[in-house]
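Undergrad: structural data only, the sequence is not supplied:
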């Protein structure tokens, strides 16, 4: 009996809560209805009702900025530059100033056109951007010696008598890393796995994951392939790889160490 009474009480309490929620929503709808009127052929909306349309996006923007400012790469930020059409909203500007009183807030004239103008300027001169923060982690798919304590059996493969692990994500650039445009990033060295192969195929991958382990992990995407010719025989024919980030492309610079021969591969994000 006690158990049934408790269950009944919980059900009734839930119903009462739902009733109160319904009544509150009904009052809100009624209040809004009374403040929205048809005057002639025009719809008249009271200012306080119109402001309700912007509360959620403004709240989301403020929350997103707070999250960005928590990232180590953004420590020391002194100002917020507001661009885009919504940046011209006085409500948004007020919310940014109130939530970030220690930061300067810069709103250029014709903020809605700034992004368009910037794109046109960049199209004419890509050197206008000297540094950028990488959105993705970039790397190369490689083989490594198989370690049963670290690698899954499904990735074990035997090549020329050696037990290897395939699909290893060899990271060149981490997401969030600052990149100097036009300059090579970390140089990595690779060796062929077959003593008779004439080319080394380097598959380039990108992911939002900061520490990817395998190139077939969720979120990893193949974005290009560079084929590097190698001379001679053996598995000691070293190839070095560097990634050079430009305005809208990545130049994959590969060099066969023995001959000094350089092969370039381009990953173009505009095509």
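TA: Looks like it came in fine. No experiment lies behind these values; they were computed from the predicted model shown.

Undergrad: confidence score at the closest residue to residue 151 other than its chain neighbours?
TA: Nearest non-adjacent residue to residue 151, counting by CB to CB, 6 or more residues apart in numbering: residue 165, 4.2 Å away. Using the backbone N, CA and C atoms, a C-beta is placed for each residue, glycine as well. Per-residue pLDDT puts residue 165 at 96.

Undergrad: in which helix or strand would I find residue 165?
TA: Per DSSP states H and E, residue 165 falls inside strand 162-173.

Undergrad: buried sites along that strand?
TA: 164, 165, 166, 167, 168, 169, 170, 171, 172, 173 (16 or more other CB atoms under 10 Å).

Undergrad: sorry, back to before: which ones are touching the residue nearest to residue 151?
TA: Contacts here follow CB atoms under 8 Å, 6 or more residues apart in numbering; on that basis residue 165 touches 143, 144, 145, 146, 147, 151, 155, 156, 157.

Undergrad: could you find the closest non-adjacent residue to residue 206?
TA: Counting by CB to CB, 6+ apart, the residue nearest residue 206 is residue 136, at 4.3 Å.

Undergrad: run through the neighbouring helices and strands of whichever strand or helix holds residue 64.
TA: Here residue 64, judged by DSSP H and E, is contained in helix 47-69. For helix 47-69, the packing partners by 3 or more CB pairs under 8 Å, 6 or more residues apart in numbering; DSSP states H and E come out as helix 90-99.

Undergrad: what strands flank whichever helix or strand comes after the helix it packs on, and is each parallel or antiparallel?
TA: Counting by DSSP H and E, the next helix or strand C-terminal to helix 90-99 is strand 104-106. Applying DSSP bridges, strand 104-106 is found paired with strand 79-81 (parallel).

Undergrad: buried residues, the partner strand. List them.
TA: Those would be residue 80, for strand 79-81 by 16+ other CB under 10 Å.

Undergrad: also stretch 245-264?
TA: Those would be 245, 246, 247, 249, 250, 251, 252, 253, 254, 255, 256, 263, for stretch 245-264 by 16+ other CB under 10 Å.
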